[in-house]
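A.B. asks: Task: produce atomic coordinates for the following.
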Amino acid sequence: MLDVRRLYLLRELDRRGTIAAVAEALTFTASAVSQQLSVLEREAGVALLERSGRRVILTPAGRSLVAHADAVLERLELAVAELASAREGIGGSLRIGTFPSGGTIVAATLAELAQRHPALEPMVQEIDSARVSDGLRAGELDVALVHDYDFVPASPDTTVDEVPLLEEPMYLATNTATKTTGRGDTLAELLGPYAEVPWITARDGTTGHAMAVRACQAAGFQPRIHHQVNDFRTALSLAAIGQGAGFVPKMATAHTPAGVVLTKLPLFRRSKVAFRAGGGTHPAIAAFVAAARAAVGQM
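C.D. replies: Prediction:
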């Protein structure tokens, strides 16, 4: 009989790439992970892993078993959701992840949840969208707000389900002295005049940073990045004093400081709610999705 917990470790190895990364993410020792995977191989009766230099990779049988593990773990999520639905009322803790600029959505969502389901105990933590899948699979999060951008689509992930929440345009933020007189409505025409100015982006390794770099490249130039900040308010403040040009979503423009010029771009950010595959029918998660959609509808 195959052990579900060991199947989970095999799946994490497939996603994270190394035993060390699995151990770090799950607060195990690398030797403990290796031992459990060796036991799984004995249970399976075939080789699941093989050495490739210093790395361990999955054999064809191992990759096939991961596909089954995805299905098994999704069924477990469905079972947990069904059991939760049998209980009276919606309560308990709900661990929520959010990207840094999603605070407005989260606050409005929690206000809705407090009115609809006062027994729920939400706990919020900021996390970059690129790390949400890992956090959900590891059980650190129950649900999360995520986003993707044009030029940075979300990677397919069978372990996570998503529902759409909001699509908003992106704006170019500059100051009045930096603003050019260029005309046009294509990305190249709108961004091209700023090829030589300093740029303000999110930190390297984030989806926001990748979007900014790829959008500029699509417009025909490599941005000269001077500032890397994840907070859009800080980015707008830097733009206001002439420190460069940057991208901000519509939601971040509500309190634009004096001196900033905003130019709407043919570029969009899409916000979604993510949760473990099979978990969408869990009452607490369904309640969060409903509250988030109600909150966005009132903005």
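A.B. asks: what about the strands in the stretch 51-200 of the chain?
C.D. replies: Using DSSP state E, counting those that start in this stretch, the strands of the stretch 51-200 of the chain run over residues 55-58, 92-98, 120-126, 143-149, 160-175, 198-201.
A.B. asks: residues in contact with the nearest residue to Val213 once chain neighbours are set aside?
C.D. replies: Distances taken as Cβ to Cβ, 6 or more residues apart in numbering place Pro223 nearest to Val213, at 6.2 Å, with adjacent residues excluded. Quick note: C-beta positions are derived from backbone N, CA and C, even for glycine. Shown in contact with Pro223 (Cβ atoms under 8 Å, 6 or more residues apart in numbering): Trp199, Thr201, Ala212, Val213, Cys216.
A.B. asks: what's the answer for Arg224, then?
C.D. replies: For Arg224, the contact set (Cβ under 8 Å, 6+ apart) comprises Glu196, Val197, Pro198, Trp199.
A.B. asks: cool, and Leu73?
C.D. replies: Contacts of Leu73 (Cβ under 8 Å, 6+ apart): Val4, Leu7, Tyr8, Arg11, Thr159, Arg276, Ala277, Gly278.
A.B. asks: Roughly how far does Ala252 sit from His209?
C.D. replies: 16 Å (Cβ to Cβ, to the nearest Å).
A.B. asks: neighbour-wise, which of the two wins?
C.D. replies: When Ala252 and His209 are compared for neighbours, Ala252 comes out ahead with 22 against 18, by other Cβ atoms under 10 Å.
A.B. asks: can you give me phi and psi for the residue nearest to Val213?
C.D. replies: phi -70, psi 140 (degrees, to the nearest 10).
A.B. asks: thought Val66 was touching Glu12?
C.D. replies: No. Counting by Cβ atoms under 8 Å, Val66 sits too far from Glu12 to count as a contact (9.7 Å).
A.B. asks: the more surrounded of the two?
C.D. replies: Glu12 (23 against 19).
A.B. asks: in a strand, that's where that one is, yeah?
C.D. replies: No. Using DSSP: H, G, I helix; E, B strand; the rest coil, the assignment for Glu12 is helix, not a strand.
A.B. asks: Just the pLDDT for Gly102.
C.D. replies: pLDDT recorded at Gly102 is 85.
A.B. asks: What distance do you get for the residue positioned nearest the centre of the chain to Lys272?
C.D. replies: Geometric centre of the chain, nearest residue: Ser129, 1.8 Å, by Cα atoms, centre = their mean. Computed as Cβ to Cβ, the Ser129 to Lys272 distance reads 9 Å.
A.B. asks: Which residues are in contact with each of those two?
C.D. replies: Here Ser129 and Lys272 have Val146, His147, Asp148 as joint contacts, going by Cβ under 8 Å, 6+ apart.
A.B. asks: okay, these in a markdown table with distance to Ala86, neighbour count and pLDDT next?
C.D. replies: Converted to a markdown table, the shared contacts of Ser129 and Lys272 look like this (distance: Cβ to Cβ, whole Å; neighbours: other Cβ atoms under 10 Å; pLDDT from 0 to 100):
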| residue | distance to Ala86 | neighbour count | pLDDT |
| --- | --- | --- | --- |
| Val146 | 29 | 26 | 92 |
| His147 | 34 | 26 | 91 |
| Asp148 | 35 | 19 | 90 |
